[in-house]
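Engineer: build the 3D model from these lines:
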Amino acid sequence: MSGQHPAVHRDPALPRSVTVYEVGARDGLQAESALVPSVAKIDFIRQLRAAGLPWVEATSFVSPRRVPQLADAAEVMAGLGGELSAHPVLVPNRRGLERARLSGARAVAVFVSATETFARRNLNAGRDESLEMARRVIEEASGAGMRVRGYVSMCFGDPWEGEVAIDDVVSVSRSLVDSGCAEISLGDTIGVGTAGHVTELIAAHGRAGIGPELLALHFHDTYGQALANAAAGLRSGVTCFDASAGGIGGCPFAGSATGNLATEDLLWMLSGLGIETGVDLDKVVAAGAMMTDLLGRPRSRVATAMLG
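Structural biologist: Have a look, this model is predicted:
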């Protein structure tokens, strides 16, 4: 039933507040087979922003041939209108950056892989080459006064290469930080991570001079570990977590990747821990249910429990 919320039991060892970075309209919808009308995407984004989410990633300026679900990127940005600082967009290269700038984007994200195979499959370039492409985009975007976030995929495991060396992940993160990224989102692209792995990966970044204040965590729930992994991240001092309303999405270029961590489920856990987010859970539940119903897929666990 709407209005239900968890009992609060504050753990003083955990952060007092957390940023929830909403990726449903971009990372979520890019993996869905259905093509969602632009007007529905705009409504979805506006509902999520009205819920108090400080970042609601809007779209991606990638090739419409490779990601037809986001072919309407310019239309979505135009439909949002006004000041777009709260709506970052993903850009794979300098051409994508130019399209984003023309759309009015004020914040962008670049995307690289911790593994060679996925870099070649997703970006048609080797890991080092894709890092160099990202560096050029970061430099140009920063020079234009844009905030730049860096996504690192396959941080916990790769379907083609298997276990990924922690040092390889840290090396990619270090390169992005040195290039000027304000934040690095570490992605468990196929959802194989566990809590201990999360703890060690964050610690290894710390030893390389990349503290938890520079990190975000991006979990997929393939093996049901996303919330446990988020809790491990909290204990390690991370205060930014990516999530997708309704748990929509996966990764269109990694067949074993299933849905993202649902924003509603993350918010329920954070609320029970007494951690402030500034986000209205009921409004996110409504937005997520609207989109999952439109897509014809199951609602998140929290939405199912709250709405019946």
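Engineer: residues of stretch 285-301 that come out buried?
Structural biologist: For stretch 285-301, burial by neighbour count (16 or more other Cβ atoms under 10 Å) applies to 285, 286, 287, 288, 289, 290, 291, 292, 294, 295, 299, 300. All C-beta spots, glycine's among them, are computed from the backbone N, C-alpha and C.
Engineer: now these in TSV, with distance to residue 225?
Structural biologist: Converted to TSV, the buried residues of stretch 285-301 look like this (distance: Cβ to Cβ, whole Å):
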residue	distance to residue 225
285	23
286	27
287	25
288	20
289	24
290	27
291	24
292	21
294	28
295	24
299	20
300	16
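Engineer: now for the chain, the helix or strand with the poorest mean pLDDT.
Structural biologist: helix 116-123 (a mean of 86; mean pLDDT, DSSP states H and E).
Engineer: which strands or helices does that one pack on?
Structural biologist: Where contact means 3 or more Cβ pairs under 8 Å, 6 or more residues apart in numbering; DSSP states H and E, helix 116-123 is packed against strand 107-113, helix 127-143.
Engineer: rewinding a little: okay, and which of the buried residues of stretch 285-301 map to helices?
Structural biologist: 285, 286, 287, 288, 289, 290, 291, 292, 294, 295 (DSSP state H).
Engineer: make a markdown table from the residues you listed and add distance to residue 116 and pLDDT to it.
Structural biologist: Listed next are those as a markdown table, based on distance: Cβ to Cβ, whole Å; pLDDT from 0 to 100:
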| residue | distance to residue 116 | pLDDT |
| --- | --- | --- |
| 285 | 40 | 98 |
| 286 | 42 | 98 |
| 287 | 38 | 98 |
| 288 | 35 | 97 |
| 289 | 40 | 97 |
| 290 | 40 | 97 |
| 291 | 35 | 96 |
| 292 | 35 | 94 |
| 294 | 37 | 96 |
| 295 | 33 | 93 |
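Engineer: tell me which element the residue nearest in space to the middle of the chain falls in.
Structural biologist: Geometric centre of the chain, nearest residue: residue 242, 4.2 Å, by Cα atoms, centre = their mean. When elements are assigned from DSSP states H and E, residue 242 belongs to strand 240-243.
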